[in-house]
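Peer 1: Structure here, sequence nowhere to be found:
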């Protein structure tokens, strides 16, 4: 179980760095809002984070 947690944490940090590198500070804020909203089971915060990430993804494509 601890090995699995370490692997998941490493993947999350890697994904966070990728978002920050590609989409800048707004991308990292949206990713944090999405993850905090999911952990807290707050649909409004996670929805805002998801919408901002989708807008950033649509803007780059």
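Peer 2: Okay, I see it. Small disclaimer: the values here were computed from a predicted structure and weren't measured.
Peer 1: Next SSE downstream of the lowest-mean-pLDDT helix or strand in the chain?
Peer 2: The helix or strand of the chain with the poorest confidence is helix 2-40; it has a mean of 86 (mean pLDDT, DSSP states H and E). Next helix or strand after helix 2-40 toward the C-terminus (DSSP states H and E): helix 43-60.
Peer 1: Show me what that next one is packed up against.
Peer 2: If you count contacts as 3 or more C-beta pairs under 8 Å, 6 or more residues apart in numbering; DSSP states H and E, helix 43-60 packs onto helix 2-40. From N, CA and C alone the C-beta is placed, and that goes for glycine too.
Peer 1: Return the distance of the helix it packs on from the chain's centre.
Peer 2: 4 Å (C-alpha atoms, centre = their mean, to the nearest Å).
Peer 1: Could you list the buried residues of it?
Peer 2: 19, 23, 27, 29-31, 33-35, 37 (16 or more other C-beta atoms under 10 Å).
Peer 1: got a list of what the residue positioned nearest the centre of the chain touches?
Peer 2: Closest residue to the average C-alpha location of the chain: residue 31 at 2.5 Å, with C-alpha atoms, centre = their mean. Neighbour list for residue 31: 15-16, 19, 49, 53 [criterion: C-beta atoms under 8 Å, 6 or more residues apart in numbering].
Peer 1: Closest one of the buried residues of helix 2-40 to residue 1?
Peer 2: Using C-beta to C-beta, residue 35 is the member of the buried residues of helix 2-40 that lies nearest residue 1, at 20.9 Å.
Peer 1: these two touch, right, that closest one and residue 49?
Peer 2: Yes. Here residue 35 reaches residue 49: they are 7.5 Å apart, a contact under C-beta atoms under 8 Å.
Peer 1: Now render the buried residues of helix 2-40 as TSV, adding distance to residue 59.
Peer 2: What follows is the buried residues of helix 2-40, written out as TSV (distance: C-beta to C-beta, whole Å):
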residue	distance to residue 59
19	14
23	9
27	11
29	15
30	12
31	15
33	17
34	17
35	21
37	21
